[in-house]
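Undergrad: fold the following, please.
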Amino acid sequence: MRTERLLREMSAIRFLETLLVVLLFTNIFTEANPQRKRSISEVQFMHNVQEHKQVGERQDWLQETLKKIILASPKPQHAKPGILKSLPPENVYRPS
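TA: Numbering: from 1, shown residues only. Okay, the predicted model is just below:
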């Protein structure tokens, strides 16, 4: 009697294991192969999203690179001092 019960429990566990494996493989294969083809608009939309993402990444990279260049510059990026010297005195603003 005890062995019959043990065999029933083992067969139930074996059945559940088999069912789990079948469900797992079914899920893997259905995700790998979509059930329908994507429409042209879906494909175009996904392309546009990827392109937008790449543009944003390039802009971020460029901004970070420019920050590094500006910070590493030996002199400030202001107006050239020679321009101020070449102005005639009457063109220089002096508050009254």
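
Undergrad: tell me the span between the first and last residue of stretch 29-39.
TA: 21 Å (C-alpha to C-alpha, to the nearest Å).

Undergrad: now the helix or strand E57 falls within: mean pLDDT?
TA: According to DSSP states H and E, E57 maps onto helix 40-72. Averaging pLDDT along helix 40-72 gives 91.

Undergrad: again, but for stretch 13-21
TA: On average, stretch 13-21 scores 86.

Undergrad: what lies in contact with that stretch?
TA: By C-beta atoms under 8 Å, 6 or more residues apart in numbering, no residue outside stretch 13-21 reaches it. Where C-beta positions appear, they are placed from N, C-alpha and C, glycine not excepted.

Undergrad: may I see the buried residues of that stretch?
TA: By neighbour count on 16 or more other C-beta atoms under 10 Å, the buried set for stretch 13-21 is empty.

Undergrad: stretch 59-66 now?
TA: By neighbour count with 16+ other C-beta under 10 Å, stretch 59-66 contains no buried residues.

Undergrad: count the residues that sit near M46.
TA: Here the number of neighbours of M46 (other C-beta atoms under 10 Å) works out to 11.

Undergrad: oh sorry, the question was meant for K53
TA: 10.

Undergrad: for Q54, see how far away D60 is.
TA: Separation of D60 from Q54 (C-beta to C-beta, to the nearest Å): 11 Å.

Undergrad: again with K68
TA: Distance from K68 to Q54, by C-beta to C-beta: 21 Å.
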